[in-house]
Every structure is written in structure tokens, then in C-alpha cells.
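Asker: give me coordinates for this.
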Amino acid sequence: MPPSRHLTTATRPRHRRGRPRRTAAAALAAALALSAAGCADDSRPTRVRDGEATVTLDDFSITPQRLRAKPGRVTFRAVNRGAIGHTLRVMRGDREVAAVKTLLPGASGTGAGTLERGTYDLLCILGNHEELGMYGTLTVR
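Answerer: Sure thing, here's the model as predicted:
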């Protein structure tokens, strides 16, 4: 298809060996698709062993994103590998079950709670960190 006559030389698509060059929009769409695919964690949940769970906080993720534990007392050890401060909260609905206060980059801390059967949310409560990907799920059964 010949280029439209109303396009100037500067706005016309450039061609390389008869093919149009990738546009910035196509590259952006591909990057967004890849980053969205990385947000979902389809891996198996990590089991909490001996009542201890180690969680890594980064900019902006919680790893592992899915945990599974048996009912009882669980100690959460959080390590901040990010460049800014992060927290770890274990929530069941509106109730905080365990917490690790704000950790500066490179710091670690612990928090513990007694867990009953059910589903819990793991999250960082600072700013909009949860919306940026700092969340996870803990299933107790």
C-alpha cells in the first residue's frame, strides 16, 4: 500500500528491505504484555517449614508471592532487597495478624502471629506499594 499523500517525509513510515520498521507503539505493547505476564505467580505455593517463613521484599514485589502453612504460630522473617523502605503485613480481612515494621534497604526484621485455617493477604502498606505489586497470599490449612 503506497504511503498517504498527506504525510510529510518526516512522518512517513520508514522501510527497511521492503518491511515497515517496528513502531514505538508495538514495542510498548510487547513490553506491557511481558510485564503483565510477570505479575501473575502461577508457581506452586512455598511451604512454611517449622513455623518459619522467609520473605524477600523488593521494589515492588514480595517473594514468594504464594505461601502455604499449617495452623499455629508462624514467624515471618522479612529481608528488604529494594532501594527504598518496605513493610510486611499479614492480614485476614481488616485484622492484622503479623507485622514487620518499615525496613530500610538491606535491613531485615521479624514478626509473628498465630494463624487459623483460612486465607491471608501479605502486603506492603507504604504508599501505593501494594498497587505496584507488593502483595501475596498465605493459605493456612
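
Asker: where does pLDDT dip in the chain?
Answerer: Within the chain, the segments meeting pLDDT under 70 span 1-42.

Asker: strands of that one, start to end?
Answerer: Under the criterion DSSP state E, the chain carries strands at the ranges 15-16, 19-20, 46-47, 52-58, 61-63, 66-69, 72-80, 86-92, 95-103, 108-115, 118-123, 135-140.

Asker: got a list of what residue 120 touches?
Answerer: Contacts for residue 120 (CB atoms under 8 Å, 6 or more residues apart in numbering) come out as 90, 91, 92, 97, 137, 138, 139, 140. Any C-beta I mention is one placed from the backbone N, CA and C, and that applies to glycine too.

Asker: quick check: closest non-adjacent residue to it.
Answerer: residue 138 (4.1 Å; CB to CB, 6 or more residues apart in numbering).

Asker: of the contacts of residue 120, which is the most crowded?
Answerer: Using other CB atoms under 10 Å as the neighbour criterion, residue 138 leads the contacts of residue 120 with 27 neighbours.

Asker: against residue 100, how distant is that residue?
Answerer: 14 Å (CB to CB, to the nearest Å).

Asker: one step back: got CSV for the contacts of residue 120, with distance to residue 79 too?
Answerer: Output for the contacts of residue 120, formatted as CSV (distance: CB to CB, whole Å):
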residue, distance to residue 79
90, 16
91, 20
92, 23
97, 20
137, 19
138, 17
139, 22
140, 22
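
Asker: neighbours of residue 60, just the number please.
Answerer: 18.

Asker: hmm, I was thinking of residue 119
Answerer: Neighbours of residue 119 using other CB under 10 Å come to 11.

Asker: list the contacts of it.
Answerer: By CB under 8 Å, 6+ apart, the contact list for residue 119 reads 92, 137, 138, 139, 140.
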